[in-house]
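> Quick one, structure for this:
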Amino acid sequence: MTLLENRTALVVGGASGIGHAIATAYLKEGARVVVADRTATTDFDSVPVDVTDENSVAEAVAAAGARLGEIDILVNSAGILTEAPVVEMDLATWSQTLAVDLTGVFLCCRHVVPRMVERGRGRVINIASQLGIKGGHGLAHYSAAKAGVIGLTKSLALEVSGRGVLVNAIAPGPIETPMVEGITEEWKTAKRAELPLGRFGRAEEVAPTAVLLASDPGGNLYCGQTLGPNSGDVMP
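Residues are numbered from 1 along each chain as shown. The predicted model follows:
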């Protein structure tokens, strides 16, 4: 039997990068998957969403529910990444990053988790970042958003774990994805030099952690945790 047979999953931000790798891994493990993303994908059953718009999130969740029935697993992987030091950053850049990378996670949880609570079971996996733990030069807005995702994950876990819904986060290190391509080569070269493994990860190396957290019994004891496939960048 595959690990996620007879399970359903909504992967937000699943058209590319880590989200795409997770959706692919879930399919291989027997789950039925719907991807929600601003970018269309032909790889999966998909619905459009703008995670900064609550009406759009509500519509996407309803559309996914119509296709999946009940949603057993929610993965929040939508995100943006830009680079700017605080002393040069404008409010629009800050606000957009927080809206996508943090508020978007809240909105998706807000529209999926209540039904999980009613049913007495569910898994929520939020994609954070190791920069939410240690910070990053030129990435204060991104780091702040991801720190918020970790805090949201812990708080939501405290609220709903007693009702059968397990909420956890994954905080990857730098991963070779389209999102990271926009960061300067200078930053990436310096970052590689800091990593004990000496390299960035690949999205398919993060996906197994998401499979673990969604699986039974493998993920059954994880509650409010932040797992770190990060090339050794953070060692709690």
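
> List phi and psi for the closest residue to residue 121 other than its chain neighbours.
Leaving aside its sequence neighbours, residue 121 sits nearest to residue 164 (CB to CB, 6 or more residues apart in numbering; 4.4 Å). To be clear about C-beta, it is placed using only N, CA and C from the backbone, and glycine gets the same treatment. Dihedral angles of residue 164 (phi, psi; degrees, to the nearest 10) stand at phi 90, psi 10.

> Kindly report the same for residue 160.
With angles defined as degrees, to the nearest 10, residue 160 sits at phi -120, psi -10.

> Quick one: low-confidence residue ranges for this structure.
For the chain, no stretch has pLDDT under 70.

> redo that, cut-off 90
Within the chain, the ranges that satisfy pLDDT under 90 run 1, 40-43, 178-184, 187, 236.

> And the strands in it?
With strands called from DSSP state E, the chain shows them at 8-12, 32-37, 45-48, 73-76, 122-127, 165-170, 175-176, 201-202, 226-227.

> Adding mean neighbour count as columns, could you present the ones you listed in TSV?
What follows is the strands of the chain, written out as TSV (neighbours: other CB atoms under 10 Å):
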stretch	mean neighbour count
strand 8-12	28
strand 32-37	25
strand 45-48	18
strand 73-76	28
strand 122-127	26
strand 165-170	26
strand 175-176	18
strand 201-202	16
strand 226-227	20
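
> closest one to residue 95 among the ones you listed?
Each of those has some distance to residue 95 by CB to CB; the shortest is strand 73-76, at 19.0 Å.

> Centre of the chain to the closest one, how far?
For strand 73-76, the distance from its own C-alpha centre to the chain's C-alpha centre is 7 Å (CA atoms, centre = their mean, to the nearest Å).

> oh, and call the first residue 39 from now on, that's how I've got it
Fine by me, first position is 39 from now on; the one you just mentioned is strand 111-114.

> hmm, who's touching that strand?
Contacts with strand 111-114, where a contact means CB atoms under 8 Å, 6 or more residues apart in numbering, come from 42, 45-52, 57, 60-61, 64, 69, 142-143, 146-147, 150-151, 154, 160-165, 187, 248, 252.

> again, but for stretch 140-159
Around stretch 140-159, the neighbours that count as contacts under CB under 8 Å, 6+ apart are 48, 50, 89-90, 92, 95-96, 99, 103, 108-110, 112, 114, 116, 160, 162, 164, 182-184, 186-187, 190, 194, 198, 201-203, 205.

> Repeat that for stretch 91-102.
So stretch 91-102 is in contact with 48, 50, 72, 74, 85-89, 109, 142, 145-146, 149-150, going by CB under 8 Å, 6+ apart.

> can you check stretch 208-224 too?
With contact meaning CB under 8 Å, 6+ apart, stretch 208-224 is reached by 54-56, 117-121, 163-168, 170-171, 184, 188, 226, 229-230, 233, 238-241, 243-244, 247-248, 251, 264-272.

> how about it: buried residues?
208-213, 215, 217, 221 (16 or more other CB atoms under 10 Å).

> returning to what we had before: filter the contacts of stretch 140-159 down to the buried ones, ChimeraX style.
Restricted to buried positions by 16+ other CB under 10 Å, the ChimeraX selection for the contacts of stretch 140-159 reads:
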select :48,50,89,90,95,99,103,109,110,112,114,116,160,162,164,182,183,184,186,187,190,194,198,203,205
